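Colleague: Pasted the sequence and its predicted model underneath.
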Amino acid sequence: MEYVAPPLRIPDKSFAQEGDVTSKPQMLSRLHRALEEPVSIQSLVVVRIAFGLILAWDWWRYVRYDRIARYYVEPDFNFPFWSFVQPAPEPWIHIIWGGVGLFGLLVALGAFYRVSIVALTGIFAYFFLLDRTQYLNHNYMVILFGVLLAFMPAHSAFSVDAWLWPRIRSLVIPRWPVTALKLQLEIILVYAGIVKITDDWLRGEPLRSWLAGREDDVFFGFLFQYDLAFVVAAWGVILLHVVGAPLLLWHRTRMAVFLIYAVFHWSNAQLFNIGIFPWITLALTTIFFAPDWPQRLLRGALCRFETLPPMPALPKARFRLMPVALLALGVWFAVQVAVPQRQVFFDNMVGWTGDGHRFSWRMRIYDRQSEGTFRIVAADGSETWTVDPYQVMSFRQARNVLGRPDIIYDFARQLEQAWAERGYPDVAVYADVRKSLNGRAMQQFTDPEQDLTAVKWEWARPNSWVLPNQLRAPRGAMPVDYPRLPLQGHTLPDSV
């Protein structure tokens, strides 16, 4: 029997039209559709209100303790991330900082939201960039979330703007803002656990150094008399971040993990002076709950007193996430994942040298003690001067100057310029700095015979004048039999 081929069917060219999801890769198409789905705005509103109020509180904390003057006005030296970012003179710098309080409240109220969130983030970023010695991970986190919130319709409901301009009112938003906030916080929390997989942390240091003898500070303080408690706590923190953070994405484990995080953040607030970090992180973590969780929580309370009708369905709405916006989100999160990994380019111990420390979520992981002086020698060798950072700047500034190689280098350059203005050009500047890391004995940190005005700062590899750490673990730390960890680099000695 002769086989007859079926007629060839030519698909209609109009089948895959512009914007049709069938013309895209299937996985990307599903992601795109999911990010465009309408969800309740309520959880985003909670984040907006909490974000604004906490930053307004941060403004008050700085005013109350006169930190703007102490950090940015009184010091004779400052170490900005970029040289063109300089402190404004008084009283303008205080007026500018006042914008954090003003715009924080306006963001919480949803008043002139787009202008307010951009101004709040911009002012906060300005103070962040003014001085590297004041670097805090949670200030960097505030800027990241401020940038994301600036592109989100967080003012479409429960806001002054929605009252003034009814046309923007909406109880639903596309899913992508909620997803973006979740992903940003996941990156931060997971990295905060990964970076703690170090020799010292797994042995319970520096937790033991910080908490021993503080039994009366928290209700579980009696545990601080046992070395094993610090080891268990250290491992528990890693698990909480590396395992617990992803479990926030699963509804069955979300509440349990959230409650553990609540205790964790409360404990940190009681034990450490870390400002707004515990509270803003906990507020942001509420984004993992269902988008309409405030309504569900309120109904759960009211239903104890009366019978309520079923929850109303979400208003119908269609949203479109432009391809360029999807690409921008992809680039943003690719950068967020990549930047903390730059440690791999440095063949050293990041806790010791500080290479790759900033912007990598290494929070409350190191205890550093530093001491040292800078020796300035005239070009002809006829005169020598010694500068002790603790004598010419605040304790907080001096501690960071002596602990960070990039700031040591910057300070040496500033001293060179200061002496040139005094009539001594071409001086040599030597840094004789000793440092202790996580309870180790003091070790030489910089080469005291290397003229820092004659060397170039290395951005992508270790600087030769920064000497390697010579002790693997603090003397007496327990246990001491852990295997060598690859994350610590190759300069650690094999023995304790």
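Modeller: Ah, there it is.
Colleague: For the stretch 301-450 of the chain, which segments are assigned as strands?
Modeller: Using DSSP state E, counting those that start in this stretch, the strands of the stretch 301-450 of the chain run over 368-377, 384-387, 428-437, 443-444.
Colleague: Need the residues that contact the first one.
Modeller: Applying C-beta atoms under 8 Å, 6 or more residues apart in numbering, the external contacts of strand 368-377 come out as 383-389, 399, 402-403, 411-412, 415-416, 419, 427-437, 442, 445-446, 448. Quick note: C-beta positions are derived from backbone N, CA and C, even for glycine.
Colleague: Burial check on P425, number of neighbours?
Modeller: Residues lying near P425 (other C-beta atoms under 10 Å) number 11.
Colleague: my bad, should have said E306
Modeller: 6.
Colleague: again, but for the one 10 residues further on
Modeller: Other residues lying near K316 total 7 when counted by other C-beta under 10 Å.
Colleague: next one: G275
Modeller: So G275, with other C-beta under 10 Å, has 17 neighbours.
Colleague: Pop out the phi and psi values for it.
Modeller: phi 60, psi -130 (degrees, to the nearest 10).
Colleague: Next one: it from V178, what distance?
Modeller: Going from G275 to V178 by C-beta to C-beta, to the nearest Å gives 26 Å.
Colleague: the strands in the stretch 151-300 of the chain, which residues?
Modeller: So, for the stretch 151-300 of the chain - with DSSP E, counting those that start in this stretch - the strands run 172-174.
Colleague: what's the most buried one of the strands of the stretch 301-450 of the chain?
Modeller: Per residue and on average, the most neighbours among the strands of the stretch 301-450 of the chain fall to strand 428-437, with a mean of 21 (mean count of other C-beta atoms under 10 Å).
Colleague: That one packs against which elements?
Modeller: Where contact means 3 or more C-beta pairs under 8 Å, 6 or more residues apart in numbering; DSSP states H and E, strand 428-437 is packed against helix 350-353, strand 368-377, helix 395-403, helix 405-421, strand 443-444.
Colleague: Distance of V147 relative to V39?
Modeller: Distance from V147 to V39, by C-beta to C-beta: 21 Å.
Colleague: who's more crowded, those two?
Modeller: V39 (21 against 16).
Colleague: got the contact list for that one?
Modeller: By C-beta under 8 Å, 6+ apart, V39 lies in contact with 172-175, 178, 291-292, 314.
Colleague: can you put these in JSON lines and add distance to F158 and neighbour count?
Modeller: What follows is the contacts of V39, written out as JSON lines (distance: C-beta to C-beta, whole Å; neighbours: other C-beta atoms under 10 Å):
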{"residue": "V172", "distance to F158": "13", "neighbour count": "21"}
{"residue": "I173", "distance to F158": "12", "neighbour count": "24"}
{"residue": "P174", "distance to F158": "18", "neighbour count": "20"}
{"residue": "R175", "distance to F158": "19", "neighbour count": "18"}
{"residue": "V178", "distance to F158": "16", "neighbour count": "22"}
{"residue": "P291", "distance to F158": "13", "neighbour count": "22"}
{"residue": "D292", "distance to F158": "13", "neighbour count": "18"}
{"residue": "L314", "distance to F158": "16", "neighbour count": "15"}
